[in-house]
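Visitor: Fold the following for me, if possible:
(3 chains)
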Amino acid sequence: MPAETPRLSLDGITRRFGAVIANDSVSFAIAPGEIHALLGENGAGKSTLVKIIYGLLKPDAGTMRWDGKLVAPSDPRAARKLGIGMVFQHFSLFDAFTVAENIALGLDDAPDRRELSERIASVSTGYGLPLDPDRLVGSLSMGERQRVEIVRCLLQNPELLVMDEPTSVLTPQEAETLFATLRRLAGEGCSILYISHKLEEIRALCSRATVLRAGQVVGTCDPAAETAKSLAEMMIGSEFDAPRRQLVTTSEDIRLTVKGLNRPAGGAFGVALADIGFSVNAGEIFGIAGVAGNGQDELVEALAGEWRAPVADSIVVDGHPVGRLNAEARRGRGLFTLPEERNGHAAVPSMTLAFNTLLTARRRAGLLWNGIVRRGNVRRFAQEIVRAFDVRTFGVDVPATSLSGGNLQKFIVGREVLQNPSVFVVAQPTWGVDAGAAAAIHAALAGLARGGAAIVVVSQDLDELMSLTDRIAVISNGRLSRSLETARATVEEIGLLMGGAGGGARNAA
Amino acid sequence: MPLRIDRRPDSTAIRVAAPLLAVLLTVGTGFLLFMALGLNPADTLYQFLIAPLLTFYSLTELGVKAAPLALIACGLAVGFRANVWNIGAEGQLTIGAIAAGGVALAFWNEIGWWILPLMLLASILGGMAWASIPAFLKTRFGVNEILTSLMLTYIALLILQMLVFGPWKDPDGFNFPQTRLFSDAALLPVLQEGSRLHPGAIVAVLVALVAWFVMARTVIGFQIGIVGDAPRAARYAGFDARRTTWLAFLVGGGAAGLAGAFEVAGPIGQLVPTLTPGYGFTAIIVAFLGRLNPLGIVAAALLMALTYIGGENAQIVSGLPQAATGVFQGMLLFYLLAADGLLRLRIRRVPATNGKAVTP
Amino acid sequence: MELAVPIIVAIISAATPLLLAASGELVVERAGVLNLGIEGMMLMGAMAGFAVTLLTGSHIAGLAAAAAAGMAMALVFAFLTLTLSANQVASGLALTIFGIGLSALIGSAYVGQPVAALPKLDVAGLSDLPVIGPLLFRHDFLIYFSIAMVPVLWWYLNRTRAGLRLRAVGESAEAAHALGHPVIAIRYGACLFGGLMAGLGGAFLSLSYTPMWAESMTAGRGWIALALVVFAAWRPWRLLVGAYLFGGVGIFQLHAQGAWGLPSELFSMLPYVATILVLTVISAGAARSRTFGAPAALGRPFRPSG
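Guide: Next comes the predicted model:
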């Protein structure tokens, strides 16, 4: 432990939600100028802790000290007054407002417009984060939006900068630039609390790491002295084997062909799809990488039939053109999809688990008789999913919202997989899911491929795609790059494609 | 020990308890209101809520007034479930009544069993036609249906006025703004001698049963609920939001139109400038009070019919202004919304223990 | 020209209640809240303003009562939707139904009674000028107030920090909350302002437009005010234009009654038909241009987590 007074120290922080304890007596300290990692898998309690530090949640027990003095920020304003700056994983930005307006909203004593613009310009260029104060935030790339958040913090001369999963929206190259900025800030004496579950970047950046598991601190270490494997074991609490799918020889039968798929941008800040084309063979897992907001949602919607193409031939499943069919009709042809967002898209949170099967399994699981719901079959099918995918739930008659993210994800993946699709398109299959559930989902996808299905995985998690897929392509500003054989591709290469080297670039500033 | 406010999920208990609590609170507030108006509160409440239940005639009147309310509310509930805010039922009812009245007047000299069914058919089509205007504007241009359906209500009422003050005025009616009395062939039979109870009450119950089955047991009901609750999930499931919007408007308009025919071919017997004491609007409250569930709606319609009859009673006996009925109805909806919210709040003390951590 | 003056004065009068109520609703909606209860708030304002003026003889007391009545109604709405997270559409409808009933109940004692209209401005010399006098210098306080509010609102929304915060809350309550802005408090404030303006809009009807009280005397103006906010694309200056356009339609139908041998009801329909047409044109145009400007969080309930 450093001898000097810590910038921030937490002692016995506890916070519960209903029966669940999100933080159980968490204690650790951050020194001035230190880059401190908070490491833990999804659901370990990192976000809750950060919200407590930033005054968005109040702890049920425990204390917080700032430069040795007891503090309890009652709201973000109080936290900012102390000198805490926060960059959220989900940005708190307003699409319809300009960069300057967005920044003004995060400052407690915003100067007048002109002075603010000047200060934005000077701080952003000074730290290598160029920004135009008059641009609308909705027109910025994810990387640029993160810059807005960072500049907003820097304008308040923070003494502690909290960054929540900052690289999830960046290309590997952009992440390097961010690390340089963070190191420089730390050199100037600003402490940084860096929250992540990505082990390599923590080893590269942080001087100390606190590992959180199931709401409790399980250890503090020097990440550079650990291996990724040992860190992962601390985080997950068991022997950890980086899964790598056994490569199988894929057959030559093409099951899914997408050709010349175009889609105009929806809404003022939407992304247009331009001439998307790829094909997937039986038994193959095809990965689509890319930074969030580059057309992934639009592409998955188009494949699902939530948006219908004007040309039927632009999507072909097993020789049948399906481009103009709706989602249910496409499922009739064997094309199943699972969108990224669980709540309100892939599942209806207020509805029971059993009835959530009616969303996609009406036909294949025999849930209807002349339009009348066969309630027995609905429950039986839901129970089958629960058994086959080890979904932890109090029965199938509870609302979907009562399940944890990982369990609900297992349920909806199971709902699709058990219908034995010919082609399965899945977006962010393990987003916000704990390691155990993620492994189960990956195994299910691999099993489906072994059975001869063609699988498309759209993900921002490059590690996931590298371990799961046979081929990989990158989507950038609505265009899909050529595909690479995953076994031969390097992260470097894919990173360049993510930045737009393969076509139009939404991320290049 | 800190206090914390949580929210509990929706449950059957809350769905049943909230309307009961709302009724209690409304009665309590009514008590205070009557005192403030200088009336004997216990007496007036008795006139309002109990007296109508004591005579056979007023019990049948309960059916007469509850029938249109239940019919309209069942139709509206389908829309509200689908997040389609058709609040123009009063206009759709009016056009339905005009259509039925038009048939009755056109065949005024004829006698035949087919006149009445034709009137009912015309009223359903009329209500649907009027409802299809906001449906078309919403699905085609994205126009907010709340405002259009309401504006169309004002227009429908003016059309009715135009007709009964103008071309459809009874030639032998001493210039009163009303049409001829319908011929017997265009009038509904009475179910019970000495009352005004007509077959519309039976139809309303049947419609409620069918609506309940469709909403609770069929994929169409499921589709309507999903489109309203989670539009993105509906698209993912392959349900068409536009068609659901159309369905909601057509069902709502058809039911309101039919209710209009029952009014003019039943208790009224002709077209007059004011057909209802605002059934189309009260039905909105009925739909909510019945939790958008057709069976609940039947119960809520009976209660709301009671406030109409009780209001008239109290007006005669205690001199309570007629507007008190509207106050009661508005208050009931307020208290229902509040009770829904309040019952979901759960204020708890948070014990500071060091229990075992569980991941969600 | 001389002939046009009374017509223009009448249009100004007809536009004022719409402008007042719609200005309030514009702020409410900019904060992300949809209050459909304008009609109910206006009626309560009209009734309270009339009754208190009649009882006290003071117009100031009457206007204060109207504002207070509108705000009291808005407070009920805010409590239901903001504190208890009740459905905004249903709560707004309840507010209207309740307002119609309660104003009629309390107001039944005042039907048919006379009251002095709001005093008109009288500036020696100026008010007596031909044409210009009646057009510019012979109105009552509420008319000047309603027009003055337009630039004030524009300035507030676009040039002040408080206005920026209000718009932020209407754009994304979650983001505003994460930055530490008091979402619920800001929305309460907006709702109360909406009630105040609707109350004054109602009082203009019962104290100036037709100085009397009658049941449901707003005749759907609260709903037209809602449509005006859409017409204005949530911008104050366009609201001014819209209110005067609708005021013009209202006056036209009054003056054209019975013309060309057509039934008077056809003319009475005009404001409602015009509302539907305008909404359709605006919505269809918005779908094409994608620059509608509706607050992104409009009508969406917000619950702070934790």
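
Visitor: From A:A388, how far off is A:R364?
Guide: 15 Å (C-beta to C-beta, to the nearest Å). In short, each C-beta sits where N, CA and C put it, glycine included.

Visitor: go on, A:M86?
Guide: 41 Å.

Visitor: Can you list the low-confidence ranges for chain B?
Guide: Low-confidence segments of chain B (pLDDT under 70): B:1-10, B:346-360.

Visitor: What residue, apart from its backbone neighbours, is nearest the residue nearest the centre of it spatially?
Guide: In chain B, the C-alpha nearest the mean C-alpha coordinate belongs to B:A283, at 1.7 Å (C-alpha atoms, centre = their mean). Distances taken as C-beta to C-beta, 6 or more residues apart in numbering or on different chains place B:I72 nearest to B:A283, at 3.7 Å, with adjacent residues excluded.

Visitor: Contacts only, for whatever residue of chain A ends up closest to chain C.
Guide: Proximity of chain A to chain C (C-beta to the nearest C-beta) peaks at A:P76, 3.1 Å away. Residues in contact with A:P76 (C-beta atoms under 8 Å, 6 or more residues apart in numbering or on different chains) are A:Y54, A:G55, A:L56, A:M86, C:A178, C:L179, C:G180.

Visitor: which one of those is nearest chain B?
Guide: Closest to chain B, out of all of the contacts of A:P76 and judged by C-beta to the nearest C-beta, is A:L56, at 14.5 Å.

Visitor: Just give the closest residue to the closest one, not the sequence neighbours.
Guide: Closest to A:L56 by C-beta to C-beta, 6+ apart is A:P76, at 6.3 Å.

Visitor: Give me the pLDDT for the one you found.
Guide: In this model, A:P76 is scored at 88, pLDDT.

Visitor: and if you look at A:E34?
Guide: 94.

Visitor: these two touch, right, it and A:I192?
Guide: Yes - the criterion here is C-beta atoms under 8 Å, and A:E34 meets it with A:I192 at 7.4 Å.

Visitor: between A:R364 and A:A388, who's got more neighbours?
Guide: Neighbours were counted for A:R364 and for A:A388 using other C-beta atoms under 10 Å in any protein chain shown; A:R364 has more, 17 against 13.

Visitor: A:Q156 in helix, strand or coil?
Guide: coil (DSSP: H, G, I helix; E, B strand; the rest coil).

Visitor: Now for it, how many residues are close by?
Guide: 16.

Visitor: picking up where we left off before, residues shared between the contacts of A:E34 and A:I192?
Guide: A:A186.

Visitor: Could you list the low-pLDDT ranges of the chain?
Guide: Just so you know, I chose chain A. Looking at chain A by pLDDT under 70, you get A:1-3, A:238-251, A:268, A:500-509.

Visitor: if you could check chain C rather than the one you did, that'd help
Guide: C:1-2, C:287-293, C:304-306.

Visitor: hmm, 80 instead?
Guide: C:1-3, C:122-127, C:130-131, C:133, C:135, C:137, C:257-259, C:285-294, C:300-301, C:303-306 (pLDDT under 80).

Visitor: Might you enumerate the residues of the stretch 51-200 of chain C proximal to chain B?
Guide: C:76, C:79-80, C:83-87, C:89-91, C:93-95, C:97-102, C:104-105, C:108 (C-beta under 8 Å from any C-beta of the partner chain).

Visitor: again, only this time at 6 Å
Guide: C:80, C:84-86, C:89-91, C:93-94, C:97-98, C:100-102, C:104-105, C:108 (C-beta under 6 Å from any C-beta of the partner chain).

Visitor: Can you give me the distance of B:A208 to B:A255?
Guide: From B:A208 to B:A255 the distance is 10 Å (C-beta to C-beta).

Visitor: With A:L212 instead?
Guide: Distance from A:L212 to B:A255, by C-beta to C-beta: 57 Å.

Visitor: Next: B:A42.
Guide: The value you get for B:A42 to B:A255, if C-beta to C-beta is used, is 38 Å.

Visitor: between these two, which one's more packed in?
Guide: The residue with more neighbours, out of B:A42 and B:A255, is B:A255; 32 against 11, by other C-beta under 10 Å.

Visitor: B:L209 versus the more buried one, what's the distance?
Guide: 14 Å.

Visitor: and the most centrally placed residue in chain A, which of the three is it?
Guide: Nearest to the geometric centre of chain A sits A:W431, at 5.2 Å (C-alpha atoms, centre = their mean). Under three-state DSSP, the three-state class of A:W431 is coil.

Visitor: count of neighbours near the closest residue to chain B within chain A?
Guide: Taking C-beta to the nearest C-beta, chain B has its nearest neighbour within chain A at A:E328, 2.7 Å off. The number of residues packed near A:E328 is 17, by other C-beta under 10 Å.

Visitor: tell me the contacts of it?
Guide: B:G238 (C-beta atoms under 6 Å, 6 or more residues apart in numbering or on different chains).

Visitor: Now do the buried residues in the host helix or strand of it.
Guide: Here A:E328, judged by DSSP states H and E, is contained in helix A:327-332. By 16 or more other C-beta atoms under 10 Å in any protein chain shown, the buried positions in helix A:327-332 come out as A:A327, A:E328, A:R330, A:R331.

Visitor: for stretch B:22-36, same thing?
Guide: B:A22, B:V23, B:L25, B:T26, B:V27, B:T29, B:G30, B:L33, B:F34.

Visitor: Which of these fall in helices?
Guide: B:A22, B:V23, B:L25, B:T26, B:V27, B:T29, B:G30, B:L33, B:F34 (DSSP state H).

Visitor: Tell me which two in those residues are the farthest apart.
Guide: Taking C-beta to C-beta as the measure, those span a maximum distance of 18.4 Å, between B:A22 and B:F34.

Visitor: re earlier: then the residue nearest to B:A283 would be within a helix, right?
Guide: Yes - secondary structure of B:I72 (three-state DSSP): part of a helix.

Visitor: so what's it up against?
Guide: B:A89, B:A255, B:A256, B:A259, B:A283.

Visitor: Distance to A:M142 and secondary structure for these - can I get that in JSON lines?
Guide: JSON lines is the format used below for the contacts of B:I72 (distance: C-beta to C-beta, whole Å; DSSP: H, G, I helix; E, B strand; the rest coil):
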{"residue": "B:A89", "distance to A:M142": "47", "secondary structure": "helix"}
{"residue": "B:A255", "distance to A:M142": "49", "secondary structure": "helix"}
{"residue": "B:A256", "distance to A:M142": "49", "secondary structure": "helix"}
{"residue": "B:A259", "distance to A:M142": "54", "secondary structure": "helix"}
{"residue": "B:A283", "distance to A:M142": "48", "secondary structure": "helix"}
